[in-house]
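A.B. asks: okay, sequence plus prediction incoming.
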Amino acid sequence: MVREEEKEVRNLVLGKYEMGRVLGKGTFAKVYHGRDLRTNESVAIKVINKDQVRRDGGMMDQIEREISVMRLVRHPNIVELKEVMATKSRIFFVMEYVRGGELFARVARGRLPEDQARRYFHQLISALDFCHSRGVSHRDLKPENLLLDEAGDLKISDFGLSALPEQLRHDGLLHTQCGTPAYVAPEVLRKKGYDGARADLWSCGVVLYVLLAGFLPFQHENVMRMYGKICKAEYQIPPWVSGEARRLISRLLVVDPEKRISISEIKQLSWFKKGVSRPTPLSIPPPKEEEADQDPDLELQSPRSYNAFELISTMSSGFDLSSLFENGRRAATVFAARFPAGKVVEKLEKVGRSLGFGVGKAKGCKVRLEGKAEGRKGRLAVTAEVFEVAPEVTLVEFGKESGDTLEFAKFCAEDVRPGLKDIVWAWQGDEPATADGGELGLPNLR
């Protein structure tokens, strides 16, 4: 049966992609090599069976989270999610193809020279800093989830266990125990809540130790005994690790997360700065507000299109990826409107000014709103991008450009809603007028 299913998928033409050989298998998914028929570019296509998703609620949460997170984090050292598609029986993740395999395979052959380990660690910290700036914590960092491309550069993969700000409880902490035992932070094991970003840094400490030592810092055949070692930070650094690297590891593997070294402190260390330049995130800075104001004739550019699957998976509350939010609801960042893009943009600008935000235009069919008051992490800057679904139907997605993540969540969930009520058809997480896309003439993918 399994071989028949693989034959059925292999050589399938999926939109603009042709699927080829199996690259890997997991419990719930298979990954195939694919080829973009237009550009001949190689891609990796993860195929998930919908029946298995329906049977396992935890699997649904993982898919939703992974899609939601990977849309937020685009960085040279993070595997890129290119597209999500679906048929009646399967979900397809089209991702960047990373040829070099797992970093784990490289470490399994023995410890790395310190310069090489530092290069990988530098790229890991750069990508992680980018994730944390967008409120995303990975929660399962380990060499098996760090891939190497053909140039030998590191790429973080597998965001299935990652967390978004919407998962924080009233105490501002995460409470879900997850991760790989040997890499998990002690505060995660204590079940009292934890800061996901600081827990990621503990895992970075374990990764750095493994790269330099060639084995794990916390090992025991009895998992509970291993947890005991983790909670007391009982480990020994081998003598061949340099003094500077030893000090960094000892500042990462600190039981008290409040005393653990931060990313900004790591960046200042001389060991970290040696010999490597940090890659720049793949993002285009929007024009400053005053520059936009100087060009009153700046024309509204054509909005990007959302395909049917994206619309349904973003707006619907049925099986179809459930709005990309945790447990079916979260602070809304997306709404649908039954108005053309131009009218929606005008309304966004008007509401932004009424809230006391500076208003400017960004590249594409976007509106940029910047607060005038200093928040916890500087001024809140928000972009609202308008996507065209049909001639009279648009989708608007809010994104945080700068400022505090919790302030952004409040802006989306409370501040901006009242002023937009006369153009909104449905907010993400609310029941839309039709859950299966029928009114829009969209295919039912369930």
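C.D. replies: That came through, no problem.
A.B. asks: ok, which stretches of the stretch 201-350 of the chain are helices?
C.D. replies: Taking DSSP state H, counting those that start in this stretch as the test, the helices found in the stretch 201-350 of the chain are 223-232, 243-252, 263-267, 270-273, 289-293, 308-315, 341-354.
A.B. asks: ok, which of these comes nearest E150?
C.D. replies: For E150, the closest of the helices of the stretch 201-350 of the chain is helix 270-273, at 25.4 Å, according to Cβ to Cβ. Bear in mind the C-beta positions are built from the backbone N, C-alpha and C, glycine included.
A.B. asks: show me how far the closest one is from its chain's centre.
C.D. replies: 27 Å (Cα atoms, centre = their mean, to the nearest Å).
A.B. asks: what are the buried residues along it?
C.D. replies: Residues W271, F272 are the ones in helix 270-273 that count as buried (16 or more other Cβ atoms under 10 Å).
A.B. asks: same check, this time on stretch 173-184
C.D. replies: Applying 16+ other Cβ under 10 Å to stretch 173-184 flags L174, T176, G179, A182, Y183, V184 as buried.
A.B. asks: show me which pair in the residues you listed is furthest apart.
C.D. replies: Top of the distance list for the buried residues of stretch 173-184 (Cβ to Cβ): L174 and A182, 19.8 Å.
A.B. asks: hmm, back to that, okay, the buried residues of stretch 173-184 in a markdown table with secondary structure and pLDDT next?
C.D. replies: Putting those into a markdown table (DSSP: H, G, I helix; E, B strand; the rest coil; pLDDT from 0 to 100) gives the following:
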| residue | secondary structure | pLDDT |
| --- | --- | --- |
| L174 | strand | 91 |
| T176 | coil | 89 |
| G179 | coil | 90 |
| A182 | helix | 95 |
| Y183 | helix | 97 |
| V184 | coil | 96 |
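A.B. asks: of those, which is the nearest to R379?
C.D. replies: Checking the buried residues of stretch 173-184 against R379 with Cβ to Cβ, the nearest one is L174 at 26.5 Å.
A.B. asks: what bridges to the closest one?
C.D. replies: Note on L174: beta-bridge partners Y194, judged by DSSP bridges.
A.B. asks: ok, it - contacts?
C.D. replies: Applying Cβ atoms under 8 Å, 6 or more residues apart in numbering, we find L174 in contact with S137, R139, A163, Q167, L168, G193, Y194, D195, G196, A199.
A.B. asks: in helices only, show me the residues you listed.
C.D. replies: Applying DSSP state H to those, the entries found in helices are G196, A199.
A.B. asks: just the buried subset of the contacts of L174, please.
C.D. replies: S137, R139, A163, Q167, L168, Y194, D195, G196, A199.
A.B. asks: correct me, but the fourth one touches L173?
C.D. replies: No. Q167 is not in contact with L173 according to Cβ atoms under 8 Å; the separation is 9.8 Å.
A.B. asks: which parts of the stretch 51-200 of the chain are strands?
C.D. replies: Here the stretch 51-200 of the chain has its strands, by DSSP state E, counting those that start in this stretch, at 81-86, 90-96, 146-148, 154-156.
A.B. asks: circling back: return the most buried member of the helices of the stretch 201-350 of the chain.
C.D. replies: Among those, helix 308-315 has the highest mean neighbour count (mean count of other Cβ atoms under 10 Å), at a mean of 23.
A.B. asks: how much space separates the residue lying closest to H220 once chain neighbours are set aside from P181?
C.D. replies: Counting by Cβ to Cβ, 6 or more residues apart in numbering, H220 lies nearest to M226, which is 4.1 Å off, once chain neighbours are set aside. Distance of M226 to P181, computed by Cβ to Cβ, to the nearest Å: 6 Å.
A.B. asks: now do I78
C.D. replies: I78 is 24 Å from P181, by Cβ to Cβ.
A.B. asks: ok, and the closest non-adjacent residue to P340?
C.D. replies: E392 (6.1 Å).
A.B. asks: run the chain-centre distance for stretch 90-101.
C.D. replies: Here the centre of stretch 90-101 is set off from its chain's centre by 15 Å, with Cα atoms, centre = their mean.
A.B. asks: now that stretch: buried residues?
C.D. replies: Per 16+ other Cβ under 10 Å, stretch 90-101 contains these buried residues: R90, I91, F92, F93, V94, M95, E96, Y97, V98, G100.
A.B. asks: related to what we said a few turns ago, quick check, nearest of the buried residues of stretch 173-184 to V47?
C.D. replies: Using Cβ to Cβ, G179 is the member of the buried residues of stretch 173-184 that lies nearest V47, at 25.4 Å.
A.B. asks: so who does that closest one touch?
C.D. replies: Going by Cβ under 8 Å, 6+ apart, the list of residues near G179 reads R139, D140, L161, A185, V188, A199, S203.
A.B. asks: need those residues in JSON lines (columns: distance to V210 and pLDDT).
C.D. replies: Below are those laid out as JSON lines (distance: Cβ to Cβ, whole Å; pLDDT from 0 to 100):
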{"residue": "R139", "distance to V210": "18", "pLDDT": "94"}
{"residue": "D140", "distance to V210": "15", "pLDDT": "95"}
{"residue": "L161", "distance to V210": "19", "pLDDT": "89"}
{"residue": "A185", "distance to V210": "15", "pLDDT": "97"}
{"residue": "V188", "distance to V210": "18", "pLDDT": "96"}
{"residue": "A199", "distance to V210": "17", "pLDDT": "97"}
{"residue": "S203", "distance to V210": "11", "pLDDT": "98"}
